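In: what follows is a predicted structure for the sequence shown.
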There are 2 protein chains.
Amino acid sequence: MNVPANLLPHLSGRVLIATHATPDGDAVGSALGLAAIVDALGGRSQVVFPKLPGVFDYMRSGHDIVERADAASTFDAVFIVDCGSAQQVADGVESLPAAPVLVVIDHHRTREPFAQLEWVDPTASATGVLIGELGLAAGVTLTPAIARPLWCAILTDTGSFRYSSTDGRTLRVGALLLEAGANPWEAAQSIYESFEPERQRLLGLCLGTLDVRCDGRVASMHITREMAAAVGATMDQSSGFINYARSISGVEIAFLVRQDEEIVDLWRVAFRSRGTHPVDAVAARFGGGGHRNAAGCRITGDRDEVTNRVFKAVDEIGGLR
Amino acid sequence: MNVPANLLPHLSGRVLIATHATPDGDAVGSALGLAAIVDALGGRSQVVFPKLPGVFDYMRSGHDIVERADAASTFDAVFIVDCGSAQQVADGVESLPAAPVLVVIDHHRTREPFAQLEWVDPTASATGVLIGELGLAAGVTLTPAIARPLWCAILTDTGSFRYSSTDGRTLRVGALLLEAGANPWEAAQSIYESFEPERQRLLGLCLGTLDVRCDGRVASMHITREMAAAVGATMDQSSGFINYARSISGVEIAFLVRQDEEIVDLWRVAFRSRGTHPVDAVAARFGGGGHRNAAGCRITGDRDEVTNRVFKAVDEIGGLR
C-alpha cells in the first residue's frame, strides 16, 4: 500500500467526483466509495454521472449524484477516478467546474496523464482497490456506505475474481470491505441477476446461430435486427453474449456479428480471445482495433459473406496455425 | 482459526482421502488440497474419486487418484472431506479400507456425524477454507500444489464469491492461496469456460421456452428429450440452466421442467428462489423437497399440465401473495 500522502488533504473539502462515460462497475463503485470517504472525513461530495446504468441504482442512496455539475458551483477539488484520459471523462474534463486541484486515481496501463496530481497504479486489479487503500490511509473507519460500492468496483473489474489480475492485495482489501458491511449477494443479484426476459430470449436466439469451425478453435454467433425484434429486445441487450462462444471447450477465438441499428448491411463484429491468440490483429485487418483479448471492427456486406471473411481472416492471422 | 490440534498427527502417515459422490469443486479441491498437504508433511496420500468430473482434470497432475481404494491396502488414517453422512461418501464409507482413525472435515449445517474425529464448521463458506486453515496450523508452506485445488474449492462453493456465505475469512485464506500460486484465470477457464457446443445450443433452445407469469415474479423453462436430441446434447448438460430464469429482474421463483430420460411422461422439476420466498414447500406439495432456495420434485403427466400445476402451486404456497 503506497498511497501518496499529498492526496489526503484534498479529501475533506467540497469535492466533485467524476469518471468515464458509460461507467462500468469499477467507475461507479470507485466514485461512490470515494464520495463516502469524503463524507466520512467531514467533507462534502458530489458525484457526476451523465448516465448511471440501472444495475448500479442499488448504490445511489445517500449520495449527491448529478447528471451535470452546476458550472456556478465551487469545489475545493475535482477527483477523476478510473479514467485514462481527459477525453474519456464523461462529457470531457472541460465540462466540469474548475477547482484549485484536479486529482486522478486510476489503474489503467495505457493512458494520457491530464491532472496535476495523478495516482496511477496499473498493478491494482481495480481502481476500487486503490480507493479502499486511500480510505485506510486517510484513517477512515470503513462503513457500509464506503464498503458496498468498493465491493462492486472490485467484483466487476476482476470478473468476479476470475481474471488473472486478481491477487492477494485484491482479496485483502475485499476482506476488509466484507467485514465493514459489503453484501456479496446483494451486489451479485443487482449486478449479475437483473436481466430482462427479452435479453434472455435474445440470448436464446443468438445461441441458436452458434457456428464452430477451424477444428473447433473458432466460434461465431450473430444477431440480426429481425431476431431482436422477434423477442422485443434491443441490440444493446446483447452485452456479454460473445462470452458464450468463447467459453466453449477448445475455442480459442470467438466473434459475434451484430447488425447495425441503422444501416442494414453494416455489421459490428466483436472478438474475444481466450488469451493465447491475439484478436486485435484480426480486427485491424478490417480497420478496427482493440486489445489482445478483446477487439472489434465494422464490416459492410451480406451477413454470410461477412462471417466467412472473418473466419478466413481469423484462420490466416489469428495465430492459430 | 480454530483447527483441532488432535487432527494434525494424523496427516503425516499413509492417508486415504475420500469425499461425496459426484464431487463438486469444493469436494475435489478440498480432497486434492489435503492430499498435497499430507505429501508436504512427508506423508503419502491417495485420493478416491469413483468419478472425477472432467472440469476438474486440470488439478489431477501429481496426485495418486484411484476410482476405488484397494481393500488390501493399509492406511494410517482415512479422511473424508465435504461430506455430511456415511451414505453420501462415494460408494459408501464401508467401501473404503478400514484404518486406525476415521476423520471428517466438513462445513455442512445439516449432517449425520459418522467418524471418531469430526471437525465441522458450518460458518466456513467452503470446506476448502478449513483445509487451508489446517495446512497453516500444520505449519506447511503453501505451495501451488496445495493452493490450486483449494482455490477451486473456495471459488466454486461461494459461486465465485457471490453467495452470502462469502466473508472476510474466505478472502483472507483466498489471498494466501493466490500468493502461494493459485491461478484465478486457469481455474475460471477450466471450471466455467469448458462448455461443449451442444450445451450452448441446448441452452439456446431452453431459453426459447421462457415463460414468465404471476406479475413477473415466477419464471419457468422446459427441456424435452426431443430438444436435447435436436442439438445432440444430453439432459445432464442442462446443469445450471435454471439460473437463467432466476436471474431475471423481478423474478422471485424460477423452475425448470425437464423430461426424464426413460419415462416419457415423467418430469423432473427443479426450483430456485432468489432468497425471499422458500421453494422447498412448493416441492414438498409434489412429494419432493430440498432447501429454502433450491428444491426439486418429480411429476407425472402432460408437460403443459405439469407446468400449469407448478405455477399454481407456486402462486398458492410460494409466499408470493
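Out: Received it, and whenever you're ready, just let me know what you need. Given the structure is predicted, the values throughout are model-derived calculations rather than measurements. Numbering: from 1, shown residues only, chains lettered A, B, ... in the order given.
In: what ranges in the stretch 201-321 of chain A fall below the confidence cut-off?
Out: Low-confidence regions of the stretch 201-321 of chain A, defined here as pLDDT under 70, do not occur.
In: near chain B, which residues of it?
Out: Neighbours of chain B within the stretch 201-321 of chain A, by C-beta under 8 Å from any C-beta of the partner chain: A:201, A:203-208, A:210, A:212, A:216, A:219, A:244-249, A:274-275. The way it works is simple: take the backbone N, C-alpha and C, and place the C-beta from them, glycine included.
In: buried among the residues you listed? Make that a PyMOL selection.
Out: Buried members of these, defined by 16 or more other C-beta atoms under 10 Å in any protein chain shown, are picked up in PyMOL with:
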select buried, chain A and resi 201+203+204+205+206+207+208+210+212+219+244+245+246+247+248+274
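In: so which of the residues of the stretch 201-321 of chain A next to chain B are in strands?
Out: Using DSSP state E, the subset of these located in strands is A:212, A:219.
In: ok, A:Asp91 - how many residues close by?
Out: Number of residues near A:Asp91 (other C-beta atoms under 10 Å in any protein chain shown) recorded here: 14.
In: now swap in A:Val55 and tell me
Out: 18.
In: can you report how many residues neighbour the nearest residue to A:Leu8 once chain neighbours are set aside?
Out: Nearest residue to A:Leu8, sequence neighbours excluded (C-beta to C-beta, 6 or more residues apart in numbering or on different chains): A:Ala138, at 5.4 Å. A:Ala138 has 17 neighbours, counted by other C-beta under 10 Å.
In: can you check A:Asp106 too?
Out: Applying other C-beta under 10 Å, we find 27 other residues in the vicinity of A:Asp106.
In: apart from its chain neighbours, what residue comes closest to it?
Out: Per C-beta to C-beta, 6+ apart, closest to A:Asp106 is A:Val120, 5.0 Å.
In: phi first, then psi, for that neighbour.
Out: A:Val120 adopts backbone torsions of phi -120, psi 120, taken as degrees, to the nearest 10.
In: A:Leu177 and A:Ala147 touch, don't they?
Out: Yes - using C-beta atoms under 8 Å, A:Leu177 is in contact with A:Ala147, at 4.2 Å.
In: between the two, which is the more surrounded one?
Out: A:Leu177 (30 against 24).
In: which stretches in the stretch 151-300 of chain A count as helices?
Out: Along the stretch 151-300 of chain A, counting by DSSP state H, counting those that start in this stretch, helices occupy A:168-179, A:184-192, A:197-207, A:225-230, A:242-246, A:280-285.
In: so which of these is nearest A:Arg109?
Out: Closest to A:Arg109 of the helices of the stretch 151-300 of chain A, according to C-beta to C-beta: helix A:280-285, at 14.5 Å.
In: interface residues of the stretch 51-200 of chain A facing chain B?
Out: Within reach of chain B by C-beta under 8 Å from any C-beta, the stretch 51-200 of chain A has these residues: A:155, A:158-164, A:166-172, A:174-176, A:178-179, A:183-185, A:187-189, A:192-197, A:200.
In: quick revisit: hmm, the residue nearest to A:Leu8 is touching A:Ala5, no?
Out: No - A:Ala138 is not in contact with A:Ala5 according to C-beta under 8 Å; the separation is 10.1 Å.
In: how far away is the nearest residue to A:Ala182 once chain neighbours are set aside from B:Asp26?
Out: Using C-beta to C-beta, 6+ apart and skipping the chain neighbours, the partner closest in space to A:Ala182 is A:Trp151 (3.6 Å). To B:Asp26, A:Trp151 is 23 Å away according to C-beta to C-beta, to the nearest Å.
In: so between those two, which is more surrounded?
Out: Using other C-beta under 10 Å, the more surrounded residue of A:Trp151 and B:Asp26 is A:Trp151, with 31 against 27.
In: need the contact list for that one.
Out: Residues near A:Trp151 by C-beta atoms under 8 Å, 6 or more residues apart in numbering or on different chains: A:29, A:128, A:174, A:177-178, A:182-184, A:187.
In: same question, A:Arg298
Out: Counting by C-beta under 8 Å, 6+ apart, A:Arg298 makes contact with A:260, A:266-269, A:286-288.
In: same deal with A:Ser194?
Out: Going by C-beta under 8 Å, 6+ apart, A:Ser194 touches A:54-55, B:247, B:249.
In: confidence score at it?
Out: The model reports A:Ser194 with a pLDDT of 92.
In: keeping just the C-alphas, turn the helix or strand hosting A:Asn308 into CSV.
Out: Using DSSP states H and E, A:Asn308 sits within helix A:303-317. In CSV, the C-alpha atoms belonging to helix A:303-317 read as follows (Å, rounded to 0.1, in the frame of the first residue of the first chain):
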residue,chain,number,x,y,z
ARG,A,303,-24.1,-11.4,-43.3
ASP,A,304,-23.0,-14.8,-44.5
GLU,A,305,-20.2,-13.2,-46.6
VAL,A,306,-19.1,-11.1,-43.7
THR,A,307,-19.0,-14.1,-41.4
ASN,A,308,-17.0,-16.1,-44.0
ARG,A,309,-14.5,-13.3,-44.4
VAL,A,310,-14.0,-13.0,-40.7
PHE,A,311,-13.5,-16.8,-40.3
LYS,A,312,-10.9,-16.6,-43.1
ALA,A,313,-9.1,-13.7,-41.5
VAL,A,314,-9.0,-15.4,-38.1
ASP,A,315,-7.6,-18.5,-39.7
GLU,A,316,-4.9,-16.6,-41.5
ILE,A,317,-3.8,-14.1,-38.9
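In: list the buried residues of it.
Out: Buried residues in helix A:303-317, defined by neighbour count with 16+ other C-beta under 10 Å: A:303, A:306-307, A:310-311, A:313-315, A:317.
In: which members of those define the maximum pairwise distance?
Out: A:Arg303 and A:Ile317, at 21.6 Å, using C-beta to C-beta across these.
In: still on that earlier bit, could the contacts of A:Arg298 go into CSV alongside neighbour count?
Out: Formatted as CSV, the contacts of A:Arg298 follow (neighbours: other C-beta atoms under 10 Å in any protein chain shown):
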residue, neighbour count
A:Asp260, 14
A:Leu266, 15
A:Trp267, 26
A:Arg268, 17
A:Val269, 25
A:Phe286, 19
A:Gly287, 9
A:Gly288, 19
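In: return the subset of these lying in strands.
Out: A:266-269.
In: so which of those residues comes closest to chain B?
Out: For those, the minimum distance to chain B (C-beta to the nearest C-beta) is 19.2 Å, reached by A:Val269.
In: which residues touch that closest one?
Out: A:Val269 sits next to A:255-258, A:283, A:286, A:288, A:296-299, A:306, A:310 when contact means C-beta under 8 Å, 6+ apart.
In: and it, bridged to which residues?
Out: Following DSSP bridges, A:Val269 is listed with bridge partners A:Val257, A:Cys297.
In: distance-wise, check it relative to A:Ile317.
Out: According to C-beta to C-beta, A:Val269 and A:Ile317 sit 14 Å apart.
In: try A:Val47
Out: 43 Å.
In: ok, now how distant is A:Leu136 from A:Ala229?
Out: Taking C-beta to C-beta, one finds A:Leu136 at 51 Å from A:Ala229.
In: nice, that's everything, thank you.
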